[in-house]
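Chemist: Can you look at this prediction? I've put the sequence above it.
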Amino acid sequence: MPVQIASWQDFKELTEFCRVKLYRLDETATGYRVRVAAGRYLYEKEYSFDDPELKDVTSWCGQNAYRAVRSVPEEVVFA
């Protein structure tokens, strides 16, 4: 069962050396819902379109070999 991490900075520190890295970015009416998983850790948050942390999340995933996930059924735990 995955461990959900509340802070993006904590998630980055905990998952630096994980081998399996996945992310999903879904557009909502007010911004984006981000789901990032690495190893047994999970980070989820909804961002407004102009949130600077959203840019950090997407650039981190791109620079650290995270693989994009196209779809995940809601009943499946993402990790």
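Modeler: On my side now, so go ahead.

Chemist: what helix or strand does Ser59 sit in?
Modeler: Assigned by DSSP states H and E, Ser59 belongs to helix 52-63.

Chemist: And the residue nearest the centre of this protein?
Modeler: For the chain, the residue nearest the mean C-alpha position is Val36 (1.9 Å; C-alpha atoms, centre = their mean).

Chemist: Parallel or antiparallel, list what pairs with the helix or strand just after the helix holding Ser59.
Modeler: For helix 52-63, the succeeding helix or strand toward the C-terminus, using DSSP H and E, is strand 67-68. Paired neighbours of strand 67-68 in the sheet (DSSP bridges): strand 21-27 (parallel).

Chemist: so how far is the helix or strand that the strand it pairs with is followed by from its chain's centroid?
Modeler: Past strand 21-27, heading to the C-terminal end, the next element that is a helix or strand (DSSP H and E) is strand 31-38. In terms of C-alpha atoms, centre = their mean, to the nearest Å, the centre of strand 31-38 is set 4 Å apart from its chain centre.

Chemist: Pull out the buried positions in the helix or strand where Asp10 lies.
Modeler: Using DSSP H and E, Asp10 maps to helix 8-15. For helix 8-15, burial by neighbour count (16 or more other C-beta atoms under 10 Å) applies to 8, 11-12, 14-15. For the C-beta atoms, the positions are set from N, CA and C on the backbone; glycine is no exception.
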